[in-house]
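Student: coords please:
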Amino acid sequence: MDQTLVNRFYRLTESIRKFALSNFQAKSVSKSEYFILLFIEFINDSNQIATTAMLSERTDHSKPAVSQMINVLEKKGYVIREICENDRRQTRVLLTDLGRSVLAKEKCMFLKKIESTLDRMGREDSEVFIGLLEKYFEIIKDLHKENT
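Tutor: Down below sits the predicted model:
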């Protein structure tokens, strides 16, 4: 593969990531808290148990940093901690109804920005763009399976 394309793609994805993170404007939670809530929702919806250790691993934050964020989110009423029935040494983190509501509201604002971007791209370009991203993601998953 042409290294110029590889470098262009890398620079572009990094620029998009940095731009999205620097322009993130949640109203009720910090950026870190939002992503922790998002990971908790994703993990729980995948029928897995969200623990501080798992959240630390998935977010590349230290366990103490994640624990501190969970404490803040718990005080705000967005999450609860619960001892696992199967393994009483483990504590799982769950979203409360308020936490789900806050997350849904913030996600809605984010989705409106995506919608505006796709509208500006036009239907046809958006379809091609999303199709290529889906193809790219499938290839990444296949390569991961081959290497594990």
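
Student: which element, helix or strand, includes Phe24?
Tutor: Using DSSP states H and E, Phe24 falls within no helix or strand.

Student: ok, Leu111 next?
Tutor: In this assignment (DSSP H and E), Leu111 forms part of helix 97-121.

Student: mind listing the helices for the chain?
Tutor: 3-22, 31-45, 52-59, 63-75, 97-121, 123-147 (DSSP state H).

Student: could you list the buried residues of the fourth one?
Tutor: Judged by neighbour count (16 or more other CB atoms under 10 Å), helix 63-75 contains these buried residues: 65-67, 69-70, 73. Backbone N, C-alpha and C define where each C-beta goes, glycine included.

Student: a markdown table for the helices of the chain, including mean pLDDT?
Tutor: Formatted as a markdown table, the helices of the chain follow (pLDDT from 0 to 100):
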| stretch | mean pLDDT |
| --- | --- |
| helix 3-22 | 91 |
| helix 31-45 | 91 |
| helix 52-59 | 90 |
| helix 63-75 | 95 |
| helix 97-121 | 93 |
| helix 123-147 | 96 |
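
Student: adding distance to Arg88, write those helices out as a markdown table.
Tutor: Below are the helices of the chain laid out as a markdown table (distance: least, CB to CB, whole Å):
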| stretch | distance to Arg88 |
| --- | --- |
| helix 3-22 | 37 |
| helix 31-45 | 19 |
| helix 52-59 | 16 |
| helix 63-75 | 18 |
| helix 97-121 | 24 |
| helix 123-147 | 34 |
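
Student: no further questions, thank you.
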